[in-house]
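Undergrad: Give me the fold of what follows.
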Amino acid sequence: MTVMLYGIKNCDTVKKARKFLDQHQVSYEFHDYREEGVNPIQLAAWAKELGWEALLNKRSTTWRQLPDETKDNINEVLAMMVMEDQPTLIKRPVLELPDRVLVGFNEATYTEIFN
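TA: Down below sits the predicted model:
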């Protein structure tokens, strides 16, 4: 099974996920959305499956730098626009499997999936 891992290569959580996948010899492709951007159709699919709130990283530096007006009025449409424009607002990593999408890294969950 080849999976897709999305994130930013210098993110510590993404590094943990990549290390786990490498150690468990899981074949994956990595997409750095800081360098390559994010496909808006794919972002919409993730949001449909997970909910836009699960994707929006409100603890990020990028979030803190947004204008207060944007943060105070955030809704699905605005969140999708902002995440598309600034992919560093997307929680990391996003793992696309054939049957589902996961956001974030949890070693127990990854172990359950890949063992």
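
Undergrad: Run the chain-centre distance for stretch 38-48.
TA: 10 Å (C-alpha atoms, centre = their mean, to the nearest Å).

Undergrad: Let me see the mean pLDDT of that stretch.
TA: Here stretch 38-48 scores 95 as its mean pLDDT.

Undergrad: so where does the most far-flung residue of the chain relative to its centre fall, helix or strand?
TA: Seen from the C-alpha centroid of the chain, the residue lying at the greatest distance (C-alpha atoms, centre = their mean) is Glu69, 24.2 Å away. Counting by DSSP states H and E, the element that carries Glu69 is helix 68-72.

Undergrad: Could you pull up the mean pLDDT of that helix?
TA: Averaging pLDDT residue by residue across helix 68-72 gives 96.

Undergrad: Please state the offset of it from the chain centre?
TA: For helix 68-72, the distance to the chain centre is 22 Å (C-alpha atoms, centre = their mean).

Undergrad: what's the answer for stretch 27-45, then?
TA: For stretch 27-45 - counting by C-alpha atoms, centre = their mean - the centre lies 8 Å from the chain centre.

Undergrad: what's the first-to-last distance across that stretch?
TA: 23 Å (C-alpha to C-alpha, to the nearest Å).

Undergrad: how about it: buried residues?
TA: Tyr28, His31, Asp32, Tyr33, Val38, Gln42, Leu43 (16 or more other C-beta atoms under 10 Å). Quick note: C-beta positions are derived from backbone N, CA and C, even for glycine.

Undergrad: How about the fifth one: what's its closest non-neighbour residue?
TA: What that stands for is Val38. With C-beta to C-beta, 6 or more residues apart in numbering as the criterion, Val38 has its nearest non-adjacent residue at 4.5 Å, and that residue is Pro87.
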